[in-house]
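K.L.:
Curious how this folds, go ahead:
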Amino acid sequence: VQLVESGGGMVQPGGSLRLSCAASGFTFSYYDMSWVRQAPGKGPEWVSVIRTGGASTYYADSVKGRFTISRDNAKNTLYLQMTQLKPEDTALYYCARGGIASPRHTWGQGTQVTVSS
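P.N.:
The predicted model follows:
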């Protein structure tokens, strides 16, 4: 399993970012996929999950209405569009194979998102 996240960075409150996750080493279309984030000193929070076909999604209450998960099975790529970003969204964002509570070894290396004025 190889997952490579990109698109993180520093943005002002209210700004937007789009994260991408390039997947390889497994049949991407067969798996639910997730975005997980972890802020310093805190445990992981499952931000969003998307089912194999892309029609069914889950969002944590903390991001509902602001973040949108999507996938392109032809490109083996997972996305997270983040809008109306808040300082509390600052974290390392990971792409994970599977749904909620996917084991750590199925995550990528992460991309840092920092929301600050």
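
K.L.:
Checking the spatially most central residue of the chain next. Helix, strand or coil?
P.N.:
Per Cα atoms, centre = their mean, the C-alpha nearest to the average position across the chain is that of Trp35, at 2.8 Å. Of the three states, Trp35 takes strand under DSSP: H, G, I helix; E, B strand; the rest coil.

K.L.:
got a list of what it touches?
P.N.:
19, 21, 46-49, 67, 69, 78, 80, 93-96 (Cβ atoms under 8 Å, 6 or more residues apart in numbering). (Each C-beta comes from the backbone N, C-alpha and C, glycine too.)

K.L.:
partner residues bridging it?
P.N.:
Ser48, Cys95 (DSSP bridges).

K.L.:
how close does it sit to Tyr58?
P.N.:
10 Å (Cβ to Cβ, to the nearest Å).

K.L.:
Touching both of these two, which residues are there?
P.N.:
46, 48-49.

K.L.:
Can you check what pLDDT the model gives Leu81?
P.N.:
Not quite, residue 81 is Gln, not Leu. Per-residue confidence at Gln81 stands at 98 (pLDDT).

K.L.:
residues contacting it?
P.N.:
Contacts of Gln81 (Cβ under 8 Å, 6+ apart): 16, 18, 67-70.
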